[in-house]
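Visitor: I'll drop the sequence and a predicted model, then ask my questions.
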Amino acid sequence: MIKEGGARMGSSSKPIRQLQNVFIYLFLGIGALVYLYPLFWLIVNSLKKTPEIFERPWELPLHWLWGNYINAWFTGGTGRYFYNSVLVTTVTLLLVLLLASMASFAIVKLKWKASKGTLVYFMIGLMVPLQATLIPLVIFFSKINLMNSQIGLILIYVAFALPTAVLVLSGFMSAIPKEIMEASIIDGCSLYGVFGRVLMPLLIPALMTVGIISFAGIWNELLVVLTFINDAKKMTLPIGLLNFQGQYATDFAPMFAAIVMTTMPSIIVISIFNKRIISGITAGSLKG
């Protein structure tokens, strides 16, 4: 009797679970459409003429004008802005990953009196908003001739990316057993060798997480570039889009093409590594 009752309950709950799954997938599908449709609309309108964007904004192009991308890349200067963004982002990421891993190693694995205070110092940086530092930075950079300089941009990005990077890497670093370090030192490995040859390979998942998070923030950053860069040859992609706006009119078709080229790298990177971001942050916070 018990088996029959259990079988009946199981068979009756199965349609309920299936119905729940249908609603869940339907909800997720609608959510995906809500988020993806603006990107689809942007791509479709980037292949139209500017008058057609206003006349037929919700329809497919009459003629697919792939030349808008060529026009945006060469005539609009998007190629130069893209190079500047790649340069600034790459140098910043290399510095952040190197400095944050070194700082995390010193804070977690080396025994010294100020290690906890140093970690607190980095964590305070998480509470300082970027907007509150702009005026002091403008005054300071003006005195040391770093205004309108990509080096100045890189220094600012590194400073504001380090707290999050140190937080994540410290969590991972604390989970690495100290016996690994002790065994390496016994085998004759120096302190630098322990850091570079032993610990750094173990930190690759955490470094990927930090790199993806930092990339998204640096690639799409606008306020710092708008404040510190005046030379069009040194501008990055977000601020370079403003050059498509004229005094009396805006050429929307090439501008939409430039926006697509600006947003796609971030979308591609985050779409590919989104699981790595979530698992990395979760693991780092739990291990820390």
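Guide: Yep, that arrived. Numbering: from 1, shown residues only.
Visitor: ok, which stretches of the stretch 101-250 of the chain are helices?
Guide: 115-124, 134-143, 150-175, 178-186, 191-193, 200-202, 204-219, 223-228, 237-240 (DSSP state H, counting those that start in this stretch).
Visitor: Could you pull out the buried residues of the first one?
Guide: Right, the one you point to is helix 115-124. By neighbour count on 16 or more other CB atoms under 10 Å, the buried set for helix 115-124 is 119, 122. For every residue, glycine as well, the C-beta is placed using N, CA and C.
Visitor: that older thread, tell me which of the helices of the stretch 101-250 of the chain lies nearest to residue 52.
Guide: Closest approach to residue 52 among the helices of the stretch 101-250 of the chain (CB to CB): helix 237-240, 24.4 Å.
Visitor: outside of the closest one, which residues touch it?
Guide: 77-78, 80-82, 84-85, 219-222, 225-226, 229, 232, 258, 261-262 (CB atoms under 8 Å, 6 or more residues apart in numbering).
Visitor: which among these end up buried?
Guide: Buried among the contacts of helix 237-240 by 16+ other CB under 10 Å: 77-78, 80-82, 84-85, 219, 221, 225, 229, 258, 261-262.
Visitor: What is the end-to-end distance of stretch 64-71?
Guide: 14 Å (CA to CA, to the nearest Å).
Visitor: could we number from 33 for the rest of this?
Guide: Sounds good: first residue 33 from here, last item stretch 96-103.
Visitor: buried sites along it?
Guide: So stretch 96-103, judged by 16+ other CB under 10 Å, has buried residues 97, 100-101, 103.
Visitor: got the helices of the stretch 133-282 of the chain as JSON lines, with mean pLDDT columns?
Guide: Output for these, formatted as JSON lines (pLDDT from 0 to 100):
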{"stretch": "helix 147-156", "mean pLDDT": "88"}
{"stretch": "helix 166-175", "mean pLDDT": "92"}
{"stretch": "helix 182-207", "mean pLDDT": "91"}
{"stretch": "helix 210-218", "mean pLDDT": "83"}
{"stretch": "helix 223-225", "mean pLDDT": "84"}
{"stretch": "helix 232-234", "mean pLDDT": "86"}
{"stretch": "helix 236-251", "mean pLDDT": "88"}
{"stretch": "helix 255-260", "mean pLDDT": "91"}
{"stretch": "helix 269-272", "mean pLDDT": "85"}
